[in-house]
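Chemist: Structure of the sequence below:
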Amino acid sequence: MNSDDNTLKIAKERDEIKVKMVEKLKALNFNDDEIKSVLKIIFITEGKIEALKSSLIGTNINNDDPTPAMATVLSQIKELQIKMAQDIKDRINEILLKKKS
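Modeler: You can find the predicted model right below:
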């Protein structure tokens, strides 16, 4: 599988996850604005991840070993993903608490 196919596969999987999340949020009686506020966390994080990936472009030029730069970016991406998951959980809980009161 070439990298374009893999990129498309990953994008499709992400889209499917977002659709499932929206369905679950609707089942919890979230309105459109509440759902958008949760999805916004994902979109912002995805943008930050893309920026990190873009920062790697050209790291293999004039660099005998791009591995340290790649490891740093990968670590930063993992941190963003962990933070995103926690932010989503926090936002959903915040909305659920408002709905109970």
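Chemist: Now for Lys99: which residues touch it?
Modeler: Residues near Lys99 by CB atoms under 8 Å, 6 or more residues apart in numbering: Asn29. The way it works is simple: take the backbone N, C-alpha and C, and place the C-beta from them, glycine included.
Chemist: Can you say which helix or strand has it in it?
Modeler: Remark: Lys99 resides in helix 67-100, with elements defined by DSSP states H and E.
Chemist: So for that helix, what gets flagged as buried?
Modeler: Applying a neighbour-count criterion of 16 or more other CB atoms under 10 Å, one finds 73, 77, 80, 84, 87-88, 91-92, 95 buried in helix 67-100.
Chemist: now stretch 43-58
Modeler: Neighbour-count burial for stretch 43-58 flags 45, 49, 52 (criterion: 16+ other CB under 10 Å).
Chemist: closest to Gly58 among the residues you listed?
Modeler: Each of those was checked against Gly58 using CB to CB; the closest is Leu52, at 14.1 Å.
Chemist: what helix or strand is the closest one on?
Modeler: Using DSSP H and E, the element containing Leu52 is helix 32-55.
Chemist: re the thing from before, Serialize the buried residues of stretch 43-58 to a markdown table and add fields for distance to Glu23 and pLDDT.
Modeler: Below are the buried residues of stretch 43-58 laid out as a markdown table (distance: CB to CB, whole Å; pLDDT from 0 to 100):
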| residue | distance to Glu23 | pLDDT |
| --- | --- | --- |
| Thr45 | 20 | 95 |
| Ile49 | 24 | 93 |
| Leu52 | 30 | 93 |
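Chemist: Out of the residues you listed, which is nearest to Asn31?
Modeler: Taking these together and measuring to Asn31 by CB to CB, the closest member is Thr45, at 22.5 Å.
Chemist: Dihedrals phi and psi, Phe30?
Modeler: Note on Phe30: backbone dihedrals following degrees, to the nearest 10 are phi -70, psi 140.
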